[in-house]
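**Student:** Provided below for reference: sequence and predicted model.
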Amino acid sequence: MVNVAKPIIGGFYDTLVGAFGSLPAWVLGHMIILLAGLGLVALAKNWLTITSGAKLGKQQAVEASIFIIATGIQVHLYSSSAGWPLFSSLLIASTFTASLGWCVKVLN
């Protein structure tokens, strides 16, 4: 069987294998990916309702996208190059990105 889940969810897949065995981990990993994809599709379909109900505009969506992309790049660099644990990488990257965003908005 083709295992798409292992490269996508990485170390979490290995944790699933250790906890449940290879076949249940394969099923769970692919279910996680499928559910995440369906969640993104549902988000895209209901985006206008979500943004109008939460009073979000294009500017907030762009800022959130930039925050997610910048944090994701840093997490990848910290966890792969520096070998830090994922949670630590996420915490440091999100803190740095939020601080940098504050500097750009307030101090500019």
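**Tutor:** Here it is on my side, so go on. On a predicted model such as this, the values are computed, not experimentally measured, just so you know.

**Student:** Which pLDDT value goes with the residue sitting nearest the centre point of the chain?
**Tutor:** Centroid check for the chain by CA atoms, centre = their mean gives residue 72 as the closest residue, at 6.8 Å. Per-residue confidence for residue 72 comes out at a pLDDT of 93.

**Student:** State the next helix or strand along the chain beyond the helix or strand of the chain with the lowest mean pLDDT.
**Tutor:** Taking all helices and strands of the chain together, the one with the lowest average confidence (mean pLDDT, DSSP states H and E) is helix 47-53, at a mean of 81. Note on helix 47-53: by DSSP states H and E, the next helix or strand toward the C-terminus is helix 58-76.

**Student:** Does anything pack onto that next one? Which helices or strands?
**Tutor:** Where contact means 3 or more CB pairs under 8 Å, 6 or more residues apart in numbering; DSSP states H and E, helix 58-76 is packed against helix 86-106. Just so you know, the C-beta spots here come from the backbone N, C-alpha and C atoms, and that holds for glycine as well.

**Student:** Quick one: mean pLDDT over the helix it packs on.
**Tutor:** Per-residue pLDDT over helix 86-106 has a mean of 90.

**Student:** tell me the domain ranges of the chain?
**Tutor:** Residue ranges for each domain of the chain read 1-45, 55-108, as given by automatic domain parsing.

**Student:** Give me the distance between the two termini of the first one.
**Tutor:** I take that to be domain 1-45. From its first residue to its last, domain 1-45 covers 32 Å (CA to CA, to the nearest Å).

**Student:** Please compute how far that domain lies from its chain's middle.
**Tutor:** Between the centre of domain 1-45 and the centre of its chain there are 14 Å (CA atoms, centre = their mean, to the nearest Å).

**Student:** Give the buried residues for the longest helix belonging to the chain.
**Tutor:** Using DSSP state H to define each element, the chain has its longest helix at helix 22-45. Buried residues in helix 22-45, counted by 16 or more other CB atoms under 10 Å: 25-26, 28-30, 32.

**Student:** Kindly reformat those residues as TSV containing distance to residue 77.
**Tutor:** Output for these, formatted as TSV (distance: CB to CB, whole Å):
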residue	distance to residue 77
25	27
26	29
28	28
29	24
30	28
32	24
